[in-house]
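# Mind looking at a prediction? Sequence and model below.
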Amino acid sequence: MDTLADLEARAARGGPAFGADAHILCDNLVRIYKTEGSAAVEVVALQGLDLLIGRGELVAIVGASGSGKSTLLNILSGLDVPTAGLARVAGIDLLSMTPRDRLRYRRSVVGFVWQETARNLLPYLTARENVMLPMRLAGGTSRRARSSRTDELLELTGMADRADRRPGEMSGGEQQRVAVAVALANAPEVVLTDEPTGELDSDSAETVFGVLRHANRELGVTTVVVTHDPMVSRQVDRTIGIRDGRTSSETLRRTSSDGRVVAEEYAVLDRAGRLQLPREFIDALSMEHRVRLELERDHIGVWPSATGSDAEDADDAEEETNE
Ligand SMILES: Nc1ncnc2c1ncn2[C@@H]1O[C@H](COP(=O)(O)OP(=O)(O)OP(=O)(O)O)[C@@H](O)[C@H]1O
C-alpha cells in the first residue's frame with residue numbers, strides 16, 4: 001500500500017497545477033444567490049465555471065442575458081465573493097482576501113470600466129481630476145508624478161484636449177475614454193469592463209474599444225470585456241462564450257498567411273471531461289437526455305440515442321455481440 005510519502009512524491013511529479021501560469025484563473029467557480037423572504041429560492045448563477053486568461057491577453061466574454069457574465073465580473077473585480085471554487089487574479093486568491101487586501105486589490109491590481117458612464121466618473125470633477133483621484137486615494141505618489149501620469153493617460157486615450165471638462169460637458173464616448181484613463185491610473189495588472197460600449201452609437205463604440213485595445217497593446221494590461229457588441233467580439237483574438245454559468249465555447253481568431261482573419265469556434269472541454277453541445281446542434285438532431293458516443297481514430301462521433309426501429313436494430317446488434 002502507498003505511504004503518505006509515496007502519494008506526496010507522486011503528486012509532486014504530476015507537473016504544474018491547473019492554470020499555474022494564468023493571469024486570471026477560475027477553477028470550478030460556483031456562485032449561488034439566496035433570495036430572502038418566505039419562499040427562499042436559490043439561484044445558481046455560476047455552476048463550476050473554469051476560465052484561464054494569460055497575461056497581456058485581450059478577451060471578450062459573451063453570453064445570453066442571465067448566463068452569469070456580470071456575476072463573474074463582480075467576482076473578478078472583488079465586489080462579490082464566490083460560494084465555492086477557486087478564483088485567482090495576478091497571483092491573488094480572491095476567496096481569502098481580508099477587507100484590507102480587498103481595498104488594495106480594487107485600488108491597484110484591477111481597474112474597471114462600467115457600462116453606465118455615470119458610474120465611472122464623478123460629475124463635479126474635470127477629466128484631469130477624475131484621473132488623478134485614484135492615485136491620490138492609493139497614496140505613495142508625489143503630486144508631480146500624479147500629474148505627469150495623468151497627462152500620459154489623457155494622451156493615450158486621446159482626451160488631452162478635454163482635460164478641463166467635466167463629464168456633463170463631454171459626449172458619452174468621450175466620458176468612456178476618460179473612464180479608461182481612470183481605470184489605468186494606478187497601473188493595474190488587469191482591466192475589467194462590463195459593456196463599455198453598450199450606451200454608445202457605433203462610431204463612438206469603435207473609438208472607445210480602439211482605446212481599450214491600444215492600452216492593452218501599449219501597456220500589456222490584461223483586458224476582459226463583457227459585451228453584447230459584435231463589433232467588439234469580432235476584433236479580439238479570443239471570445240469566450242458563457243452558457244448557464246459555465247464556459248461553453250471559445251472562438252479563436254488568427255490572421256492567415258494571405259492576411260485574412262480566420263475565426264474558428266471550439267466547444268470548451270472542462271477538466272472533468274464535460275462539454276456543452278451548441279443548442280442549435282442539439283435541436284437540429286432532436287437530441288435529448290442521452291447520446292451515443294463512438295471513438296474514431298481522430299474524432300469522437302455523437303449520435304442521438306436510438307429510438308423506435310433504430311433502438312430495435314441496436315438491441316439486435318447487442319444481442320449478436322453477446323452471443
Ligand atoms: N443579487 C442577485 N440575487 C439573486 N439572483 C441573482 C442576483 N444577481 C444575479 N442573479 C441571477 O443570477 C443569474 C446570472 O445573472 P448575471 O447578472 O450574472 O447574468 P448576465 O449574463 O450578466 O446577464 P445580462 O447580460 O442580462 O447582464 C441570473 O439568473 C440572475 O437572475
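Alright, I've got the coordinates.
# does residue 108 sit in a helix, a strand or a coil?
Secondary structure, DSSP: H, G, I helix; E, B strand; the rest coil: residue 108 is helix.
# Do you know the pLDDT at it?
Here, the pLDDT recorded for residue 108 equals 91.
# Quick one: residues contacting residue 187.
Residue 187 is in contact with 108, 219, counting by C-beta atoms under 8 Å, 6 or more residues apart in numbering. Quick note: C-beta positions are derived from backbone N, CA and C, even for glycine.
# So it belongs to a strand, correct?
No - counting by three-state DSSP, residue 187 is not found in a strand; it is coil.
# Residues of the stretch 1-150 of the chain that sit close to the ligand?
Within the stretch 1-150 of the chain, the positions lying close to the ligand (C-beta under 6 Å from any ligand atom) are 33, 35, 43, 45, 63, 65, 66, 67, 68, 69, 70, 71.
# any idea which helix or strand carries the closest residue to the fourth one other than its chain neighbours?
With C-beta to C-beta, 6 or more residues apart in numbering as the criterion, residue 45 has its nearest non-adjacent residue at 4.2 Å, and that residue is residue 71. Per DSSP states H and E: residue 71 is located in helix 69-76.
# neighbouring contacts of that helix?
24, 26, 29, 31, 45-46, 49, 51, 61-63, 80-82, 87, 89, 94, 110, 190, 192, 194, 224, 226, 242, 245.
# go on, stretch 31-51?
Here stretch 31-51 makes contact (C-beta under 8 Å, 6+ apart) with 24-30, 68, 71-72, 75, 80, 82-83, 85, 240, 242, 244-247, 268, 270-271.
# give me that answer again for 6 Å
26, 28, 29, 30, 68, 71, 82, 83, 245, 246, 247, 270 (C-beta atoms under 6 Å, 6 or more residues apart in numbering).
# now swap in stretch 272-280 and tell me
Stretch 272-280 is contacted from outside by 243, 248, 267, 269, using C-beta under 6 Å, 6+ apart.
# Got a PyMOL select line for the buried ones in those residues?
The command below creates a PyMOL selection of those among the contacts of stretch 272-280 that count as buried (16 or more other C-beta atoms under 10 Å):
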select buried, resi 243+248
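# which residues does the closest residue to residue 221 other than its chain neighbours bridge with?
Nearest non-adjacent residue to residue 221, counting by C-beta to C-beta, 6+ apart: residue 191, 5.4 Å away. As for beta bridges, residue 191 partners with residue 111, residue 223 under DSSP bridges.
# Over to residue 33?
Taking DSSP bridges as the rule, residue 33 bridges to residue 43.
# Tell me how many other residues surround it.
Using other C-beta atoms under 10 Å, residue 33 is surrounded by 13 other residues.
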